[in-house]
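Colleague: Take this sequence and fold it.
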Amino acid sequence: MKKLLSAIAFGALTFVATGAGASNHGAAASKDIVDTAVAAGQFKTLAQALTAADLVSTLKGAGPFTVFAPTDAAFAKIPKAQLDALLKDKSKLQAVLTYHVVPGKVMAKDVKPGAVKTAQGSSLTVKAEGGKVMVDNATVTQTDIVASNGVIHVIDSVVLPK
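Modeller: Model prediction:
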């Protein structure tokens, strides 16, 4: 697992949002992905999950990361008992969270439809349908939130490894 986390730190794309309507396209960001997510206020469950999975220090690393970040509302779609069980199962939680991370810094304009390899090892499917960008079964609701160590794209559902 340490090798995987090191690999994530050197090349993962991480999507984490900073709040509805917020964007800092091209701005020099001073906060890393984790601090950006915490400051947004809509990623409390994601922050809790990152802590439970021991991934905070990794995602505070040099990156760059692209993170598809599920909001608190996205986590609320998971039945409470199932979410509570996931938060207590560190191995499964790490797999789910690293599935939301892609190596590198990919801005929305550079995203291409198709399979994208995640830090977890499986591939996400990115597609455009009806004017929406989808990541597996989640809709991207906000893009290009720049952090000092990558970029965040907000999604409306938690995506699970296949």
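Colleague: CA only for contacts and neighbour counts going forward, please
Modeller: Will do.
Colleague: can you tell me which residues contact residue 136?
Modeller: For residue 136, the contacting residues are 124, 125, 126, 159, taking C-alpha atoms under 8 Å, 6 or more residues apart in numbering as the criterion.
Colleague: Provide the strand pairings for the longest strand anywhere in the chain, with the direction of each partner.
Modeller: With residue count as the measure and DSSP state E as the assignment, the chain has strand 138-147 as its longest strand. Each strand that pairs with strand 138-147, with its direction, by DSSP bridges: strand 132-135 (antiparallel), strand 150-155 (antiparallel).
Colleague: Buried deepest among those strands, which one?
Modeller: Highest mean neighbour count among the strands paired with strand 138-147 (mean count of other C-alpha atoms under 10 Å): strand 150-155, with a mean of 29.
Colleague: Export the host helix or strand of residue 51 to CSV, keeping only CA atoms.
Modeller: For residue 51, the enclosing helix or strand under DSSP states H and E is helix 44-52. What follows is helix 44-52 as a C-alpha-only set of coordinates in CSV (Å, rounded to 0.1, in the frame of the first residue of the first chain):
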residue,chain,number,x,y,z
LYS,A,44,-17.1,17.1,5.2
THR,A,45,-17.8,13.4,4.5
LEU,A,46,-14.9,13.2,2.0
ALA,A,47,-12.6,14.8,4.5
GLN,A,48,-13.7,12.3,7.2
ALA,A,49,-13.2,9.4,4.8
LEU,A,50,-9.7,10.6,3.8
THR,A,51,-8.8,10.8,7.4
ALA,A,52,-10.2,7.3,8.2
